[in-house]
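[1] coordinates only, no sequence provided:
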């Protein structure tokens, strides 16, 4: 069994600059050739790159140290040492990078690029610059000292300890009690095939799927079931609630065939509010599932009367009743939300392409410091070198 990894602690190090060379030109018939020491090569950089085909941080659990190559020292005949190779660390969209010791947010790869709703493949960020190479003794000659016997060393490497966290990115997140029908909805709308069974907590990890409608792709997320007391650690606890922070819209999936169907929506809202007030205030819809059951049809009117201000979409995956209407509702909500973001949302990229993640996403939600090993099926630039 592979662990579903949404947190990892890694150590990264830039490359040391190569030392300058002390050498002199020694050729036949040139008795006083003068200094000829070359410069050292530049150390490699530490670069993070977004790869959309990655879904977890599991590979960071097996390799936790990443070191860029150091620059080669200079050589005689004024030959420059070769530069060190960069170390490239691939991360999935939605990755947050923090300083492991201070908790400072360094980079958020979860922002939306240009309001398009997706992250650019290959988007890169240089975290640490490699050390500059030292100067050879050629640079220190002058009229007073025509044969300098010293060269400057290369700049040292910089090592940092980082906390890498993943928040899944989706347009719509399914929130509900275990066995409410969330995975069945994902299976009906997308080509994802999550595990579906008639017992609670079938879904142990978040699942993503892409629903295509009106020539537009909408990403749906099936979040593991929430029960009363989840914000205090009950059930799967808050370990996956962090992923809801990336969803623009919530779909509360309610099974009104359950004995406590009247309390389910209020319990879910309360759990999200106790975890983070921002989550409870996200735009949402209510999906009443399993309408092919007689008791559900009988209770549907009472459910609507219980929540008169909410828009409720009754659906049945078994008969496919209401799925088309729900799909149109999802499309309309996502389109409306994107118009709000593009028209009134804050600027998330500076003129230099830098990201101001705090202006767009809530990156201070609780739960980021918790360990989350689950069974599954499968700095701004800091410490610059001078």
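    Looks like it arrived, so ask away. Keep in mind the model is a prediction, meaning the values are calculated, not measured.
[2] could I get the full set of helices for the stretch 201-350 of the chain?
    With DSSP state H, counting those that start in this stretch as the criterion, the stretch 201-350 of the chain has helices at 261-275, 277-280, 294-306, 323-344.
[3] using TSV, lay out those helices together with mean pLDDT, distance to residue 64 and mean neighbour count.
    Any C-beta I mention is one placed from the backbone N, CA and C, and that applies to glycine too. Formatted as TSV, the helices of the stretch 201-350 of the chain follow (pLDDT from 0 to 100; distance: least, CB to CB, whole Å; neighbours: other CB atoms under 10 Å):
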stretch	mean pLDDT	distance to residue 64	mean neighbour count
helix 261-275	84	29	18
helix 277-280	80	31	16
helix 294-306	88	50	14
helix 323-344	81	36	15
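[4] let's have the ones you listed in JSON lines, adding distance to residue 163.
    Putting the helices of the stretch 201-350 of the chain into JSON lines (distance: least, CB to CB, whole Å) gives the following:
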{"stretch": "helix 261-275", "distance to residue 163": "20"}
{"stretch": "helix 277-280", "distance to residue 163": "22"}
{"stretch": "helix 294-306", "distance to residue 163": "43"}
{"stretch": "helix 323-344", "distance to residue 163": "28"}
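[5] mind listing the strands for the stretch 101-250 of the chain?
    105-108, 124-128, 159-166, 172-176, 207-213, 216-222, 249-254 (DSSP state E, counting those that start in this stretch).
[6] domain map for the chain?
    What the record gives for the chain is the domain set 1-166, 172-349, from automatic domain parsing.
[7] mean pLDDT lowest where, among these?
    Note on the domains of the chain: lowest mean pLDDT is at domain 172-349, with a mean of 77.
[8] correct me, but residue 134 touches residue 38?
    No. Under the criterion of CB atoms under 8 Å, residue 134 makes no contact with residue 38, lying 10.1 Å away.
[9] what touches both of those two?
    Common neighbours of residue 134 and residue 38, counting by CB atoms under 8 Å, 6 or more residues apart in numbering, are 20, 74.
[10] among the helices of the stretch 201-350 of the chain, which comes closest to residue 184?
    helix 323-344 (10.6 Å; CB to CB).
[11] quick check: residue 138 vs residue 333, distance?
    Counting by CB to CB, to the nearest Å, the gap from residue 138 to residue 333 is 67 Å.
[12] now swap in residue 307 and tell me
    In this structure, residue 307 and residue 333 are separated by 17 Å, where distance is defined by CB to CB.
[13] residue 183 now?
    From residue 183 over to residue 333 the distance is 21 Å, taken as CB to CB.
[14] residues in contact with stretch 134-142?
    Under CB under 8 Å, 6+ apart, the answer for stretch 134-142 is 17-23, 34-40, 73-74, 78, 147-155.
[15] got a list of what residue 307 touches?
    265, 286.
[16] make that residue 176, sorry
    Residue 176 makes contact with 182, 225, 226, 252, 253, 254, 255, 264, 268 under the criterion CB under 8 Å, 6+ apart.
[17] repeat that for residue 109.
    Counting by CB under 8 Å, 6+ apart, residue 109 makes contact with 48, 50, 91, 93, 94, 95, 96, 97, 119, 123, 125.
[18] ok, which of the helices of the stretch 201-350 of the chain comes nearest residue 244?
    In terms of CB to CB, the element of these nearest to residue 244 is helix 277-280, at 5.8 Å.
[19] which helices and strands does that closest one pack with?
    Taking 3 or more CB pairs under 8 Å, 6 or more residues apart in numbering; DSSP states H and E as contact, the helices and strands that helix 277-280 lies on are helix 261-275.
[20] just how off-centre is the helix it packs on within its chain?
    Centroid separation between helix 261-275 and its chain, computed with CA atoms, centre = their mean, to the nearest Å, is 27 Å.
[21] quick one, it and strand 249-254 angle?
    If you take axes from the mean of the first three to the mean of the last three CA atoms, to 10 degrees, helix 261-275 sits at 140 degrees to strand 249-254.
[22] now for helix 261-275, which elements pack on it?
    Taking 3+ CB pairs under 8 Å, 6+ apart as contact, the helices and strands that helix 261-275 lies on are strand 172-176, strand 249-254, helix 277-280, helix 294-306.
[23] so among the contacts of stretch 134-142, which ones count as buried?
    Taking 16 or more other CB atoms under 10 Å as the criterion, what is buried in those is 17-23, 35-40, 73-74, 78, 148, 151-155.
[24] for the helices and strands packed on helix 261-275, which one sits closest to residue 86?
    Each of these has some distance to residue 86 by CB to CB; the shortest is strand 172-176, at 35.9 Å.
[25] what is the end-to-end distance of stretch 8-24?
    From its first residue to its last, stretch 8-24 covers 50 Å (CA to CA, to the nearest Å).
[26] stretch 249-268 now?
    First residue to last in stretch 249-268 (CA to CA) measures 15 Å.
[27] need the contact partners of it.
    Taking CB under 8 Å, 6+ apart as the criterion, the residues outside stretch 249-268 that touch it are 171-177, 179-182, 185, 226, 228, 244, 269, 272, 279, 282-290, 293, 295-296, 299-300, 303, 306-307, 310, 330, 333-334, 337.
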